[in-house]
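Undergrad: Sequence below, structure please.
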Amino acid sequence: MAADPGSFNPFPLLRGPHLQTIAAAKLRLWRREPPGEVQVVTLPDGDCIALVVSTPPQWRPDDPSVLLLHGLCGCHQSSYMMRLARKLWRGGIRAIRMNMRGCGAGVGLARQPYHSGRSPDVLAVLEDLREQSPQSPVTLLGFSLGGNVMLKFAGELGKRAEALCTQVIAVCPPADLAACSRLLGKPSNRLYERYFMRRLLAAVAERHRLFPDLAPVNLPERLSLYRFDNLYTAPQCGFADAEDYYARSSAAPWVPKITLPCRILFADDDPVIDAVVFDGAALPANVEIVRTSQGGHMGFLGRPGRPGGYRWMDACLLDWIGVA
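TA: Numbers count the residues shown, from 1 in each chain. Alright, predicted model coming up:
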């Protein structure tokens, strides 16, 4: 299919950003993971993260790979990660699902928490993969927060990234973290913020249980994402405050420096992501912004997809990656 944003037509009963967002997250027909093995990568600071690598039986060392990175409160078992990994695996492409620090198969392997600016972790993973299979061309595919991390990585490295990967794709990335934090704090988005805060506070409790020598923290039960980042993420990760964290971790300033082929998919009605962050920006020709008028946050449920399919986003991504 063509990657034309005008080709997306949401299902009549799933029009509107909240229906698209929630239905896409809850409609989990792809519960089965492809076969995979866990590989642990040691980071320069001593923390470790876990990859889940799904290698098709017919895959050769010079065949393509895709490195997938999840969003906030996700992991390798997030429904979109499992779904895309299985489709890639069935298409003969090695799918590598990267867990951020302390997530998924990597719970208990990292003392430091993950955050939106952990682009050096992507570099460590790619260098490890390059040692294992130097001839395999690697596509970077990041979802939501993972998309911000992938874009930041590609921009920071500039031309040096071309030795490690061939293209970068980001789906609904919060490239302006401050703007996205404000969106999430709107009363109409309270459902999403409460969901994320429940998951984040549970992750904090688990981290401090696994590493009892860490200094104790006492966080209020009711927090906005901004206050959480100000009280926990920023001080834990070496930032002055939430504003400093957002400014230093947002991918938007780095995207003009990307030299790889790059596609960024947004929906104009995404309730929690600023889809107009690049309006008026001077972007190089290799960076393509694809915006649909509808789709919600990583929803895009509608036609046309591949024959018999309803996941327009999946069909679009597979087309960009080159899955027949």
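Undergrad: in the stretch 201-324 of the chain, which segments are predicted with low confidence?
TA: Low-confidence segments of the stretch 201-324 of the chain (pLDDT under 70): 304-309, 324.
Undergrad: could you pull out the strands for it?
TA: 262-267, 287-292, 302-303 (DSSP state E, counting those that start in this stretch).
Undergrad: winner for burial among those?
TA: strand 262-267 (a mean of 24; mean count of other CB atoms under 10 Å). Just so you know, the C-beta spots here come from the backbone N, C-alpha and C atoms, and that holds for glycine as well.
Undergrad: which strands and helices sit next to that one?
TA: helix 145-157, strand 167-171, strand 287-292, helix 312-321 (3 or more CB pairs under 8 Å, 6 or more residues apart in numbering; DSSP states H and E).
Undergrad: To residue 56, which of the ones you listed lies closest?
TA: Evaluated over the helices and strands packed on strand 262-267, closeness to residue 56 peaks at helix 312-321, with 13.9 Å, by CB to CB.
Undergrad: helices or strands next to the closest one in the packing?
TA: helix 79-90, strand 138-143, strand 167-171, strand 262-267.
Undergrad: again, only this time at 10 Å
TA: Counting contacts by 3 or more CB pairs under 10 Å, 6 or more residues apart in numbering; DSSP states H and E, helix 312-321 is packed against strand 65-69, helix 79-90, strand 138-143, strand 167-171, strand 262-267, strand 287-292, strand 302-303.
Undergrad: now those in a markdown table, with distance to residue 275?
TA: Shown next, in a markdown table, are those (distance: least, CB to CB, whole Å):
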| stretch | distance to residue 275 |
| --- | --- |
| strand 65-69 | 20 |
| helix 79-90 | 18 |
| strand 138-143 | 15 |
| strand 167-171 | 12 |
| strand 262-267 | 4 |
| strand 287-292 | 6 |
| strand 302-303 | 17 |
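Undergrad: Nearest to residue 14, out of these?
TA: Across these, closest to residue 14 is strand 302-303 (CB to CB), at 7.1 Å.
Undergrad: in its sheet, what does the closest one sit against?
TA: Applying DSSP bridges to the sheet, strand 302-303 is found paired with strand 9-10 (antiparallel).
Undergrad: For the nearest residue to residue 25 once chain neighbours are set aside, give its distance to residue 26.
TA: Counting by CB to CB, 6 or more residues apart in numbering, the nearest residue to residue 25 once its immediate chain neighbours are dropped is residue 79, at 7.0 Å. Noted for residue 79: a distance of 9 Å to residue 26, by CB to CB, to the nearest Å.
Undergrad: Go through the helix ranked longest in the chain and flag the buried ones.
TA: Longest helix in the chain by number of residues, with DSSP state H as the criterion: helix 190-210. For helix 190-210, the neighbour count (16 or more other CB atoms under 10 Å) marks 192, 193, 196, 197, 200, 201, 203, 204, 207 as buried.
Undergrad: Now distance to residue 276 too, for these, in JSON lines please.
TA: Converted to JSON lines, the buried residues of helix 190-210 look like this (distance: CB to CB, whole Å):
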{"residue": "192", "distance to residue 276": "19"}
{"residue": "193", "distance to residue 276": "21"}
{"residue": "196", "distance to residue 276": "22"}
{"residue": "197", "distance to residue 276": "26"}
{"residue": "200", "distance to residue 276": "26"}
{"residue": "201", "distance to residue 276": "31"}
{"residue": "203", "distance to residue 276": "31"}
{"residue": "204", "distance to residue 276": "32"}
{"residue": "207", "distance to residue 276": "35"}
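Undergrad: Out of those residues, the closest to residue 102 would be?
TA: Looking across the buried residues of helix 190-210 and measuring by CB to CB, the closest to residue 102 is residue 207, at 5.9 Å.
Undergrad: Could you list which residues are in contact with that closest one?
TA: Residue 207 makes contacts with 101, 102, 107, 108, 110, 111, 112, 113, 214, 217, 236, as judged by CB atoms under 10 Å, 6 or more residues apart in numbering.
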